[in-house]
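Chemist: below: sequence and its predicted model.
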Amino acid sequence: MMSEANTQAAGSGFFLSLEGSEGCGKSTQMAMLQKFLAAQNIEPVMVREPGGTALGEKIRHLLQHDTAGEGMSAEAELLLFAASRAQLMHEKILPELANGRLVIADRFLDSTTVYQGVARGLDADSVAAINGFATAQRKPDLTILLDVDLATGRQRAASRDDEPDRMERESDDFFEKVRAGYQQLAAAEPERITVIDAGLDPDTVHAQVIHTLTERFHGIHR
Ligand code: Z5A
């Protein structure tokens, strides 16, 4: 049985996405947020991209680890990320929002706009049209951009013991474009996207994430 704080009025759930370049600390902040919300008796729906569904997790493997993905065209890459998102949207996010739930996504459509549009250089209008189609035109209510400089992000990512995947092997130039792309997007949509300095320590970043969410999502006890 969900607590009252878990739900808003039917059909009016709240959709939060976390974005940023590699090593910005999204996974760390997702875990801290989940713990904070649990203490408030709120059980959010947590999803990640690519992935989050059985089909999406297969697509994730293709995009990141399968040797069949080596040498994939930028166009195929765009459509695979979009296919994973379309499944997640229709199978989970839209139904859970319709039930009034708080949905939190580790990456969403802004990743495609920035990685495939800006960094890969695919046509921005085509990327926007495919994003709109995959998401039924539903954007997050709030997006938190964890902004970190390239050297710090790469150093953090390298400190994990897993092998770098296909995307993580991209050049510094690629990741500079990713960061700049996110900053441009935040400047273009300030009412949706809040930028937080993710170079600070995890607890300070967490406090800012909670502050930002509390201002917009009214299920949290102040
Ligand atoms: N991608 C795309 O191209 N197009 C799309 O449409 C979508 C995605 C949806 C998914 O990778 C890749 O797909 C991603 C974008 C692309 N490629 N890249 N690069 P993923 O899901 O495997 O990984 P990620 O999303 O890039 O996140 P990450 O690399 O796993 O990092 P993170 O979640 O941001 O960071 P973390 O795991 O929380 O932290 C990394 C380390 O830093 C760890 O040791 C932490 O303890 C430490 N950390 C975290 N925060 C801090 C602070 N504040 N200070 C110090 N140390 C910290």
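Modeler: Structure's in. What do you need?
Chemist: leaving out sequence neighbours, find the closest residue to the residue most central in space within the chain.
Modeler: Centroid check for the chain by CA atoms, centre = their mean gives Arg107 as the closest residue, at 1.3 Å. Nearest residue to Arg107 in three dimensions, chain neighbours excluded: Glu49, at 4.2 Å (CB to CB, 6 or more residues apart in numbering). Placement of C-beta: from N, CA and C, glycine included.
Chemist: pretty sure that neighbour sits against Ala105.
Modeler: Yes: between Glu49 and Ala105 there is a contact under CB atoms under 8 Å: 6.3 Å.
Chemist: okay, these two: which has more neighbours?
Modeler: Ala105 (27 against 20; other CB atoms under 10 Å).
Chemist: from the ligand, how far out is the more buried one?
Modeler: Counting by CB to the nearest ligand atom, to the nearest Å, the gap from Ala105 to the ligand is 9 Å.
Chemist: contacts for the longest helix anywhere in the chain, please.
Modeler: The single longest helix within the chain, with elements called by DSSP state H, is helix 172-188. The contact list for helix 172-188 (CB atoms under 8 Å, 6 or more residues apart in numbering) reads 19-22, 110, 113-115, 117-119, 145, 147, 149-150, 153-154, 193-195.
Chemist: which positions in it come out as buried?
Modeler: Phe175, Lys177, Val178, Arg179, Gly181, Tyr182, Leu185, Ala186 (16 or more other CB atoms under 10 Å).
Chemist: can the lowest-mean-pLDDT helix or strand in the chain be said to contact the ligand?
Modeler: Of all helical and strand segments in the chain, the minimum by mean pLDDT, DSSP states H and E falls on helix 150-158, at a mean of 93. Yes: shown here: helix 150-158 in contact with the ligand (CB under 6 Å from any ligand atom) through Arg156, Ala157.
Chemist: show me what contacts the closest residue to Thr152 other than its chain neighbours?
Modeler: Of all residues not flanking Thr152 in the chain, Gly199 sits nearest, at 5.6 Å (CB to CB, 6+ apart). Gly199 sits next to Asp147, Val148, Asp149, Thr152 when contact means CB under 8 Å, 6+ apart.
Chemist: buried among these? Need that as a selection in ChimeraX.
Modeler: Remark: buried members of the contacts of Gly199, expressed as a ChimeraX selection using 16+ other CB under 10 Å:
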select :147,148
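Chemist: quick check: residues of the protein near the ligand?
Modeler: Counting by CB under 6 Å from any ligand atom, the residues of the chain near the ligand are 20, 22-28, 49-50, 81, 107, 111-112, 115-116, 156-157, 159-160, 167-168, 198, 201-202, 205.
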